[in-house]
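In: Coordinates only, no sequence provided:
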């Protein structure tokens, strides 16, 4: 990417950030911004069978493909932005880089959820 580019392929990072910010602060401004983004998707990116990117946001020129991450990540984060924090709680779940929720596993037989797994390393006595 470079400053001054005018394309948009519906990447998830902005709505992901809004979801985290709303979850951490409770400030509904982030939900408002997410709703504005969703409405812009509907108005500018929607085609008969899905959503496509824009080659140029200034002219509205569309490309001819829907990136898989749009469904798998962008829409997932938008969905989570409008559901209660108890849905996929950050106390029990973590997201990988592809927006898949992974349950936080207990450590050393602890039956409680929410204690992160720490792999064995030198500090735990594993030989170097």
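Out: Cool, the structure landed. Everything numeric in this text was worked out from a predicted model, so none of it was measured.

In: Stretch 94-114 - what's its average pLDDT?
Out: Stretch 94-114 carries an average pLDDT of 78.

In: For the spatially most central residue of the chain, which non-adjacent residue is spatially closest?
Out: By CA atoms, centre = their mean, the chain has its centre lying nearest to residue 16, at 3.4 Å. Spatially, and ignoring its direct neighbours in sequence, residue 16 is nearest to residue 77 (4.7 Å; CB to CB, 6 or more residues apart in numbering). The C-beta positions use only the backbone N, C-alpha and C, and glycine is treated the same way.

In: what do you get for residue 10?
Out: Using CB to CB, 6+ apart, the nearest residue to residue 10 is residue 70, at 4.3 Å.

In: give the contact list for the residue nearest to the centre of the chain.
Out: Residue 16 is in contact with 73, 77, 99, counting by CB atoms under 8 Å, 6 or more residues apart in numbering.

In: Just say helix, strand or coil for it.
Out: Secondary structure, DSSP: H, G, I helix; E, B strand; the rest coil: residue 16 is helix.

In: Give me the pLDDT value at it.
Out: 96.

In: could you list every residue that touches residue 44?
Out: Counting by CB under 8 Å, 6+ apart, the residues that residue 44 touches are 54, 57, 60.

In: Next step: those restricted to strands.
Out: Among those, the members falling in strands (DSSP state E) are residue 54.

In: got a winner among the contacts of residue 44 for most neighbours?
Out: Counting neighbours by other CB atoms under 10 Å, residue 54 comes out on top of the contacts of residue 44 with 18 neighbours.
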